[in-house]
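In: Predicted structure and sequence below. I'll ask about it afterward.
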Amino acid sequence: MIEVNRHRLANGLRIVHSQAKGARMVAVDVLYGVGSRDEVPGKTGLAHLLEHLMFNGSAGVRDFSACVQDAAGECNAWTNCDVTNYYMSLPPCNVETAFWLESDRMASLNLDLQSVTTQRDVVTEEFKQRVYNAPYGDIGHLLRGLCYTRHPYRWPTVGSCIDDVASLGVDDVKAFYSAYYNPCNAVLSVVGDISMDSVIGLADKWFGGIAGVPVPVRTYDAEPAQESRRLLQVERGVPVDTIYMAFPMVERMHGDFYVYDIISDILSNGKSSRVVNNLVRRDKVFSTIDAYIDGSMDAGLFHVDGKLSPGVTFEQAEEKIRGEIAALAGRPVMGHELEKVKNKYESNFMFSNLNNLNLAYSLAYYELLGDARGINSEVEKYKSVTAADISRVLSGHFTDSNSSVVYYKAV
């Protein structure tokens, strides 16, 4: 059982904490409930750009990362469709530095023309490197554009197109920052050798004076039910032919989320998993194959990606994948196979959360979902998945008409 302490400041900032006595470093995580799904067409890439700008100086700090390093710490951040996460680790004696730095950039980020222009150029180059110049780099755009027709998940975090990113201006960034970067839309998570009373005191000292601004009411267009198989075929200068398949799945808080995750592990987690054992080691249809879920807050995607072996056609590869899914749906999974997957999840969950940075993020994320204490019920939710659940979900949702497929041909 993970110790979870919760508190909320008067301005709306949610605080979560777990004490790790004797830990040599304290993890401080600030999670904002904003990601690329909060952008609008023509202004995509804003969440990612603002992530970069958060390190570019504020009213009281010229060089954020240098201040962290001076305090014997390290820091970084990342953005996805749903959230933007900032984290740092530093010694307990310097933990107040983290509160000062995070509160300063939450309250008074430097968003002048030079700062925005510089970082916009950086993320534009990053777009080129990640999308245009990396093998398979455009698959995120291709597959999302195929799977989503209305929901803002239809573009990746990096932006829908490079022109969107290149056209972002100071006013765009300021409006996005003002709307989403404030205590009402943030969770402060602290894990380490520090008491909850100390955390509350420091949070009130450094964040208490920042005004909480109600977050705009957000509505995301629901994706209409898919009625037929979607296929996209492209040719690129990549090493090998690769097939990408995706099936719509439930949102993060749906009970069947855990069923989809278990299915992905049965199919491809480890050398003895079904598609790895049958399609890579035995039949040699693929050199590598993987099944995984998005884990997104709104209805996401269940993925199967495979690199084809020489001489195998895309049609053969797709048929083999569908055959494995049909076999799993048609015959209840054996108890030992299901138990193995559950035990592996429990082990990974426990070991992952021994790392203070991982635990700090997990607590912040569960708090954003509703209650950080939910972390302590995750293992049981996975353990409650039955063979009947797996057959039900596979039979009802993993159909030809509910799939999107990209044939990514090497030329």
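Out: Perfect, thanks for sending it.

In: Could I get the full set of helices for the stretch 251-400 of the chain?
Out: With DSSP state H, counting those that start in this stretch as the criterion, the stretch 251-400 of the chain has helices at 257-268, 274-275, 314-330, 335-352, 356-369, 378-383, 387-397.

In: after the last one, next one along is what?
Out: What it means is helix 387-397. Using DSSP states H and E, the helix or strand that follows helix 387-397 in sequence is strand 404-410.

In: Which positions within that following strand qualify as buried?
Out: By neighbour count with 16 or more other CB atoms under 10 Å, strand 404-410 contains the buried residues Ser404, Val405, Val406, Tyr407, Tyr408, Lys409. Quick note: C-beta positions are derived from backbone N, CA and C, even for glycine.

In: got it, and stretch 114-121?
Out: Ser115, Val116, Gln119, Arg120.

In: Among these, which lie within helices?
Out: Counting by DSSP state H, these place Ser115, Val116, Gln119, Arg120 in helices.

In: what about Val28, which SS state?
Out: Following DSSP: H, G, I helix; E, B strand; the rest coil, Val28 is assigned to strand.

In: residue contacts, it?
Out: Tyr87, Met88, Ser89, Leu90, Val95, Ala98, Phe99, Glu102, Leu188, Ser189, Val190, Ala360 (CB atoms under 8 Å, 6 or more residues apart in numbering).

In: so which of the helices of the stretch 251-400 of the chain comes closest to Gly42?
Out: Proximity to Gly42 (CB to CB) singles out helix 356-369 among the helices of the stretch 251-400 of the chain, at 27.4 Å.

In: Who are the packing partners of that closest one?
Out: strand 14-19, strand 26-32, strand 84-90, strand 186-192 (3 or more CB pairs under 8 Å, 6 or more residues apart in numbering; DSSP states H and E).

In: Please identify the most buried of those strands.
Out: Of all these, strand 186-192 has the most neighbours on average by mean count of other CB atoms under 10 Å, namely a mean of 28.

In: Any stretches of the stretch 1-150 of the chain with poor pLDDT?
Out: Along the stretch 1-150 of the chain, no part satisfies pLDDT under 70.

In: cutoff 90 now
Out: 59-60, 62 (pLDDT under 90).

In: residue ranges of the helices in it, please?
Out: 46-53, 64-70, 95-107, 113-127, 139-147.

In: quick one: which of those is nearest Asp171?
Out: That would be helix 113-127 among the helices of the stretch 1-150 of the chain, by CB to CB, at 9.6 Å.

In: which sections of the stretch 151-300 of the chain are below the confidence cut-off?
Out: Filtered on pLDDT under 90, the stretch 151-300 of the chain yields the residue ranges 216-217, 271.

In: if we can go back for a sec, looking at the ones in helices among the buried residues of stretch 114-121, which is nearest Tyr365?
Out: The closest of those to Tyr365 turns out to be Gln119 (CB to CB; 25.7 Å).
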